[in-house]
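*Asks:* Based on what follows, work out the 3D shape:
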Amino acid sequence: MEKKRTLLKMVFDHARTELPQGSITTLASYLSAHFEERFGYAKNERTFARYYKSLVVNHMDYAIDEITLDHLSVYLGFKNFSEFSRKAIAKETHLKHPLQVTISDGGNEVSTLSETLSNIVINITNSPVFTLPQFIAHHKNSFGIVGFLLLGGFIANQSGYFQQQKAQPLSGTGNPVQTEIPQNPIAIPQTLISAATTAENKPYATVIVPSQERKKECMYWKEDHYEAVFCDEKIAGATIIAWDEGQYKQLKKINLPDTLTVDNALGKVWYDKSNNTLEYFTNYGIHPVNGKTLRPITKHIVENHLE
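*Replies:* Model prediction:
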C-alpha cells in the first residue's frame, strides 16, 4: 500500500507542475487524457481521482492493476512499477531519519520534549475583550442567522434607525410646517416627498420609497459565452442555470483554435471531443451544451490537430 500511495502522490505532484491551479478532478482528467494518448489505454478521470483520494487523502488501500501501475511509473520516468519500487521507495526511505529534539535550560540538558512541556503552566483569563468585527469573525460558525438578525436589530435600535417619525402637517400655504425631526442616517431626496390627505382631509407629507432593482441571478449559454438573465426568463432553446461568477467570466469558447500552440495552450485551454469534432474552451468545467467534463489540452492534441 505504501508504494502505491507514494506513487500516486508523486504522479499528482508532477501533474500539478503542468497545471498549477488544477484541482484533484482536473488533474485526474488531465492524466486520463495524457495516458490515453500516450499508451492508447487509460482509466477514466473518476478512477484516477478515487486512487488519489483513497490512498493519499484517506490512507486506505485501493486495488490498482499492474498495467496502470506501470503507466504511472513511466509517467515519472521509470521503466515500470518494479523499478519505481526499487529506486524511488529506497531513496525516500534513505532520506527519512529519526528526529530528536533536545532542550537546554543553560545548565542541564533535557533529552525529551514531553518532560519539559509537562512543567509549562498556561494561565488563561476568562474576560476577553473583542471589537465588534472580531466578535463576529470569532463566532461566525456558531453565531447563526438568528444571532446576526438580533445583533443587527440591536445596532439599528441603538442608532435610531427604527425610530418612527410623525408625518408633518402642511400649512395653509402648502409648505410643510417646520418641526424638529430626529437625526436619520438615510437622506431622502425632496423629489420623493409628496402631499397626501387623510379621511379627515388633513394634509400630510408622505415618503415614496423606490422599489429595489432586480438582479440577474441566472445565466444561459449563448453561442460562445454565458449571458446573464433573470431566473424566471424564458429563452427559446436555452437552458437557464444558476449564476456562477467564475464560469460567467472565464468560460468562453475559442473560435480561432488555429492560434493555439503548445506554449500558449498547455494549462490554459480545455477541450471536448464529440462526434469526431474538437471544441476548445478557456476554462475547465462542464461543456455548456452536452454536459460532458472538459479535458485539459495536451501536447499531443496541439501537435496533431492544431499545428
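*Asks:* Please, where are all the strands along the stretch 151-300 of the chain?
*Replies:* Under the criterion DSSP state E, counting those that start in this stretch, strands of the stretch 151-300 of the chain are mapped to 193-197, 203-207, 218-222, 225-229, 241-242, 270-274, 277-281, 295-296.
*Asks:* Taking strand 225-229 as reference, get the angle to the third one.
*Replies:* If I follow you right, that is strand 218-222. Per axes from the mean of the first three to the mean of the last three CA atoms, to 10 degrees, the angle that strand 218-222 makes with strand 225-229 is 140 degrees.
*Asks:* can you pull the buried residues of strand 218-222?
*Replies:* For strand 218-222, a neighbour-count test (16 or more other CB atoms under 10 Å) marks 218-221 as buried. Heads up, the C-betas are built off the backbone N, CA and C, glycines and all.
*Asks:* So which bits of the one helix or strand residue 5 maps to are buried?
*Replies:* Secondary structure from DSSP states H and E places residue 5 in helix 2-18. Residues of helix 2-18 classed as buried: 4-8, 10-12, 15-16 (neighbour count, 16+ other CB under 10 Å).
*Asks:* Columns distance to residue 289 and pLDDT on top of the buried residues of strand 218-222, output as CSV?
*Replies:* Below are the buried residues of strand 218-222 laid out as CSV (distance: CB to CB, whole Å; pLDDT from 0 to 100):
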residue, distance to residue 289, pLDDT
218, 17, 94
219, 14, 95
220, 11, 95
221, 7, 95
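*Asks:* just the residues you listed now: which is nearest residue 247?
*Replies:* residue 219 (8.0 Å; CB to CB).
*Asks:* Specify the beta-bridge partners of the closest one.
*Replies:* residue 228, residue 241 (DSSP bridges).
*Asks:* can I assume it is in contact with residue 245?
*Replies:* No. Here residue 219 lies out of contact with residue 245, judged by CB atoms under 8 Å, at a distance of 9.8 Å.
*Asks:* List the contacts of stretch 223-235.
*Replies:* 214, 216-221, 240, 242-243, 247-248, 251-253, 255, 288 (CB atoms under 8 Å, 6 or more residues apart in numbering).
*Asks:* mind running it again at 7 Å?
*Replies:* Stretch 223-235 is contacted by residues 214, 216-220, 240, 247-248, 251-253, 255 when judged by CB atoms under 7 Å, 6 or more residues apart in numbering.
*Asks:* between those residues, which is nearest residue 67?
*Replies:* Relative to residue 67, and with distances defined as CB to CB, the nearest of the contacts of stretch 223-235 is residue 251, at 34.7 Å.
*Asks:* Tell me the pLDDT of the residue nearest to that closest one when sequence neighbours are not counted.
*Replies:* Closest residue to residue 251 apart from its sequence neighbours, by CB to CB, 6 or more residues apart in numbering: residue 283 at 4.4 Å. Residue 283 is assigned a pLDDT of 89 by the prediction.
*Asks:* show me the contacts for residue 283.
*Replies:* 250-251, 270.
*Asks:* just curious, which of these is nearest to residue 37?
*Replies:* Of the contacts of residue 283, the one sitting nearest to residue 37 (CB to CB) turns out to be residue 270, at 15.0 Å.
*Asks:* And for the spatially closest residue to that closest one that is not a sequence neighbour, the neighbour number?
*Replies:* Among residues not flanking residue 270 along the chain, residue 294 sits closest, at 3.9 Å (CB to CB, 6+ apart). For residue 294, the tally of surrounding residues (other CB atoms under 10 Å) stands at 21.
*Asks:* thinking again about what came up before, take the buried residues of helix 2-18 and write them to TSV, including pLDDT and distance to residue 85.
*Replies:* Converted to TSV, the buried residues of helix 2-18 look like this (pLDDT from 0 to 100; distance: CB to CB, whole Å):
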residue	pLDDT	distance to residue 85
4	91	10
5	92	12
6	92	9
7	92	9
8	92	13
10	93	12
11	92	14
12	93	18
15	87	20
16	87	23
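*Asks:* for residue 286, what are its contacts?
*Replies:* So residue 286 contacts 293-294 (CB under 7 Å, 6+ apart).
*Asks:* Can you name the residues bridging to it?
*Replies:* Bridge pairing for residue 286 - DSSP bridges - gives residue 293.
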